[in-house]
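In: I would like the atomic coordinates for the input below:
(chains A and B)
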Amino acid sequence: GAGVSQSPSNKVTEKGKDVELRCDPISGHTALYWYRQSLGQGLEFLIYFQGNSAPDKSGLPSDRFSAERTGGSVSTLTIQRTQQEDSAVYLCASSGGQPHTEAFFGQGTRLTVV
Amino acid sequence: AQKITQTQPGMFVQEKEAVTLDCTYDTSDQSYGLFWYKQPSSGEMIFLIYQGSYDEQNATEGRYSLNFQKARKSANLVISASQLGDSAMYFCAMMRFSGGYNKLIFGAGTRLAVHP
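Out: Next up is the predicted model:
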């Protein structure tokens, strides 16, 4: 596609349920990033993929969070046993990874845990 | 380790005046890139300007310029002739380009309010 696509755009879930957030990066982009943004706050780094591998998953808040990327393309961020503090906007970005190339962002998934 | 610091949580500027948003960074890498993004209330992330660590000239893009001082590890964004539509959150970011490892991290952001 022309840009980074995230789905769903909004997700309301009950506490304790699992959720999956999807990111379709720009075709050919080797680097893929997940961030979490609480209301009015900055972008909290979660995980970074280079191809299908994740050289840096240091930002994942707990073992309830996991992510995978397949075929060097689509990525899924899974949150198990959701808690209210997981409520935030989850942003995905992709980049060609070369100097002078910026990261392009999706529109985000707004997750609300009730 | 990489780190980005934006020390101004909020800034005010009068319409048509210039404003500087501060950004300092910390890295042991020699090859990296610095970015500024704008996030209006709609939530989208808009790329503004890029500076490479080996670029000798300061980057400019229209009304945006980046005051890059490598020795001081600062990459301040200058917006000239502010417009009401410039009111938004502004994020400074850094990407490593070492050994194919391209982690991208962001500062906490500065909220800019442009007054008429």
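
In: residues from chain B in reach of chain A?
Out: Applying C-beta under 8 Å from any C-beta of the partner chain, we find that chain B lies next to chain A at B:31, B:33, B:35, B:37, B:43-45, B:47, B:50, B:52, B:91, B:93, B:95, B:97, B:100-109. Any C-beta I mention is one placed from the backbone N, CA and C, and that applies to glycine too.

In: can you tell me which of the residues you listed end up in strands?
Out: Members of these lying in strands (criterion: DSSP state E): B:33, B:35, B:37, B:47, B:50, B:52, B:91, B:93, B:95, B:104, B:105, B:106.

In: contacts only, for the fourth one.
Out: Under the criterion of C-beta atoms under 8 Å, 6 or more residues apart in numbering or on different chains, the neighbours of residue B:47 are A:102, A:103, A:104, B:35, B:36, B:37.

In: could you measure from the closest residue to residue B:38 other than its chain neighbours over to residue B:37?
Out: Leaving aside its chain neighbours, residue B:38 sits nearest to residue B:46 (4.5 Å; criterion: C-beta to C-beta, 6 or more residues apart in numbering or on different chains). Separation of residue B:46 from residue B:37 (C-beta to C-beta, to the nearest Å): 6 Å.

In: now do residue B:31
Out: Distance of residue B:31 to residue B:37, computed by C-beta to C-beta: 21 Å.

In: of those two, which one has the most company?
Out: Counted by other C-beta atoms under 10 Å in any protein chain shown, residue B:31 and residue B:37 do not tie: residue B:37 has more neighbours, with 23 against 14.

In: now do the contacts for the more buried one.
Out: Applying C-beta under 8 Å, 6+ apart, the residues near residue B:37 are A:105, B:45, B:46, B:47, B:48, B:90, B:91, B:93, B:106.

In: the residue lying farthest from the centre of chain B and residue B:75: what is the separation?
Out: No residue in chain B sits farther from the centre than residue B:99, which is 24.3 Å out by C-alpha atoms, centre = their mean. Taking C-beta to C-beta as the measure, residue B:99 falls 22 Å from residue B:75.

In: contacting residues for the residue nearest to residue B:38?
Out: Taking C-beta under 8 Å, 6+ apart, we find residue B:46 in contact with B:37, B:38, B:39, B:40.

In: could you dump those residues into a markdown table and include pLDDT?
Out: Shown next, in a markdown table, are the contacts of residue B:46 (pLDDT from 0 to 100):
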| residue | pLDDT |
| --- | --- |
| B:37 | 98 |
| B:38 | 98 |
| B:39 | 97 |
| B:40 | 96 |
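
In: for those, give me JSON lines that also has distance to residue A:66.
Out: Output for the contacts of residue B:46, formatted as JSON lines (distance: C-beta to C-beta, whole Å):
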{"residue": "B:37", "distance to residue A:66": "27"}
{"residue": "B:38", "distance to residue A:66": "31"}
{"residue": "B:39", "distance to residue A:66": "27"}
{"residue": "B:40", "distance to residue A:66": "32"}
